[in-house]
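S.K.: what follows is a predicted protein model with its sequence.
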Amino acid sequence: MPDSRKLIRSGLHALLAVSLAMFCVAAIDTAITTLDIVSVSTGAFFGFIFTFLVGAPIVVVYGVPAYMLLSRRGSANWLSVLLLGLLPGLAFIPVSPRAGILAAACGSAIALLTHSFVRR
């Protein structure tokens, strides 16, 4: 079972990796849209910042305690961790389907990366 500091560090590293991926996705999305409201670099920056600022509290307040609970019960496997990451995004789908799906994708990536970091 991982200690809480290692788990928080692993979760935030995974969040940073996914935020950097969203930087790239937002840059591509901004570059191919026909509206020139913001520059590519500004769109990419907002993609990174938004993902990190929204994700950090979720990782620390929900993800880490839930992972610790799974770990203590001996249930922290790839499937349970994937479901743990999907849950916040799936809960958001009724409010905003597009944002909920994106949040579910980011959450599952963060959860799976965290699990891989903890297992090392």
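M.R.: That came in fine, so what should we check first?
S.K.: show me what the longest helix seen in the chain is packed against.
M.R.: Across the chain, the helix with the greatest residue count (assigned by DSSP state H) is helix 4-32. Using 3 or more C-beta pairs under 8 Å, 6 or more residues apart in numbering; DSSP states H and E as the contact criterion, the neighbours of helix 4-32 among helices and strands are helix 40-58, helix 64-73, helix 97-119. Any C-beta I mention is one placed from the backbone N, CA and C, and that applies to glycine too.
S.K.: closest one to residue 83 among the ones you listed?
M.R.: For the helices and strands packed on helix 4-32, the distance to residue 83 is smallest for helix 97-119, at 8.5 Å, taking C-beta to C-beta.
S.K.: the closest one to helix 4-32, inter-axis angle?
M.R.: The directions of helix 97-119 and helix 4-32 differ by 140 degrees, with axes from the mean of the first three to the mean of the last three C-alpha atoms, to 10 degrees as the criterion.
S.K.: give the other helices and strands that helix 97-119 contacts.
M.R.: With contacts taken as 3+ C-beta pairs under 8 Å, 6+ apart, helix 97-119 sits against helix 4-32, helix 40-58, helix 64-73, helix 78-92.
S.K.: now with 6 Å, please.
M.R.: Secondary structure elements in contact with helix 97-119, counted by 3 or more C-beta pairs under 6 Å, 6 or more residues apart in numbering; DSSP states H and E, are helix 4-32, helix 78-92.
S.K.: mind listing what's buried along stretch 73-92?
M.R.: By neighbour count, with 16 or more other C-beta atoms under 10 Å as the criterion, the buried positions of stretch 73-92 are 76, 80, 81, 82, 84, 85, 86, 87, 88, 89, 90, 92.
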